[in-house]
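Participant: 3D model of this:
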Amino acid sequence: MADDGIFCDQPAMLRKCGANISAVISGDATFVYSNDFISQAESEINTTTRYNWSDAYAALNVDVKSVLTQAASNLAAIYAISYDMSGFTTRGEAEDMINILRDAYLRAVAILRQDQVKTFVQGA
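Facilitator: Down below sits the predicted model:
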């Protein structure tokens, strides 16, 4: 059974990985990989944005939670694809997936890093 993260769960991460993700990552007995990738992604988001979203999560509004889900699932999917590219038809295909996910991750983190967002969250 998956031990989902705070911001996202294994299915959210796997959807971002695409159909060609390796069975090493998507198989029934591989929750340990997903758990590690999601945990690392959530910790990176907290430290990169200099705000502990994990502790504040329960009180956040749905808009901010959606941005956190996007950021965490994108970054966890990057970790998963990077860990094992063997399911993709070419390394270039896997790298294209990573580039698309990276751009979306960076956009979400840029939003979360803005002081106005933190003020918005704390005032909501």
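Participant: all contacts plus neighbour counts: C-alpha atoms, from now on.
Facilitator: OK.
Participant: Mean pLDDT per helix and strand in this protein: which one sits at the bottom?
Facilitator: The helix or strand of the chain with the poorest confidence is helix 115-123; it has a mean of 70 (mean pLDDT, DSSP states H and E).
Participant: quick one: low-confidence parts of the protein?
Facilitator: In the prediction, the chain carries residues with pLDDT under 70 at positions 1-3, 27-32, 118, 121-124.
Participant: can you give me the helices in it?
Facilitator: Per DSSP state H, the chain has helices spanning 10-17, 23-26, 31-49, 53-56, 62-83, 91-113, 115-123. These are given in chain order.
Participant: List the contacts of the fourth one.
Facilitator: Where contact means Cα atoms under 8 Å, 6 or more residues apart in numbering, the residues beyond helix 53-56 that reach it are 6, 7, 42, 46.
Participant: My guess is the third one contacts residue 7. True?
Facilitator: Yes - with contact defined as Cα atoms under 8 Å, residue 42 and residue 7 form a contacting pair (7.0 Å).
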